[in-house]
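Student: need the 3D shape of this:
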Amino acid sequence: MADWKSRLVVNYKGEDGITLLTPIDSFTPSFSLNAEVLHSIEDTHVGVVYSPQNLTFSMTVKAIGDGAAKLTALALQGKRFEIHLQEAEGGTDWSFSSVVMTQCIITSAMPSSATISGAPTATFSGFSLASSVTGKGVGPIAVP
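Tutor: Below you'll find the predicted structure:
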């Protein structure tokens with residue numbers, strides 16, 4: 001049974017190397033692998049039409065330290081970077097060993113307002129041109 005003592009970490013790889021993004025409130029990758037049934041008047045389900053993959057992400061980081069500032073700079077400069085989501089601290093509780101999104105571009109950055117309690121956050125959304133996933137008992141699978 002899982003003891004949930006491990007954690008997932010998110011870091012990014014830019015020009016100055018790999019930087020750990022902490023603290024992070026949430027990271028949501030989305031993989032839309034579109035396929036549509038091709039019908040015919042004579043028969044149903046005669047084939048399939050594939051649309052290009054759509055790899056997007058959204059992450060919210062606390063605006064403390066320099067993680068939010070570095071991501072904002074990447075967004076304003078339009079630079080590509082990588083996001084690595086991987087199991088940390090030797091844990092074995094998670095379904096995935098790693099999720100890597102490469103050639104990422106930030107399309108939206110929304111800082112929150114400052115409040116008297118708690119640290120402000122910044123939410124970044126964007127897309128990835130490629131991704132790979134390594135799961136438990138499953139070798140690395142790459143898209144595209």
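
Student: which stretches of the protein have low pLDDT?
Tutor: Residue ranges of the chain with pLDDT under 70: 1-8, 22, 88-92.

Student: helices of that one, start to end?
Tutor: 67-77 (DSSP state H).

Student: and the residue nearest the centre of it?
Tutor: Centroid check for the chain by C-alpha atoms, centre = their mean gives Pro29 as the closest residue, at 3.9 Å.

Student: in the sheet, who's paired with the residue nearest to it when sequence neighbours are not counted?
Tutor: Leaving aside its sequence neighbours, Pro29 sits nearest to Phe57 (C-beta to C-beta, 6 or more residues apart in numbering; 4.9 Å). C-beta here means a position set from N, CA and C on the backbone, and glycine is covered the same way. Counting by DSSP bridges, Phe57 forms beta bridges with Pro29, Gly126.

Student: how far away is Phe57 from Gly139?
Tutor: Remark: distance between Phe57 and Gly139 (C-beta to C-beta, to the nearest Å) = 23 Å.

Student: who has more neighbours, those two?
Tutor: For Phe57 versus Gly139, neighbours defined as other C-beta atoms under 10 Å are more numerous around Phe57 (22 against 7).

Student: picking up where we left off before, I figured the residue nearest to Pro29 hits Ser30, correct?
Tutor: Yes. Applying C-beta atoms under 8 Å as the test, Phe57 and Ser30 come out as touching, 6.8 Å apart.

Student: residues contacting the residue nearest to Pro29?
Tutor: 27-30, 83, 101, 104, 125-128 (C-beta atoms under 8 Å, 6 or more residues apart in numbering).

Student: I am finished for the moment; much appreciated.
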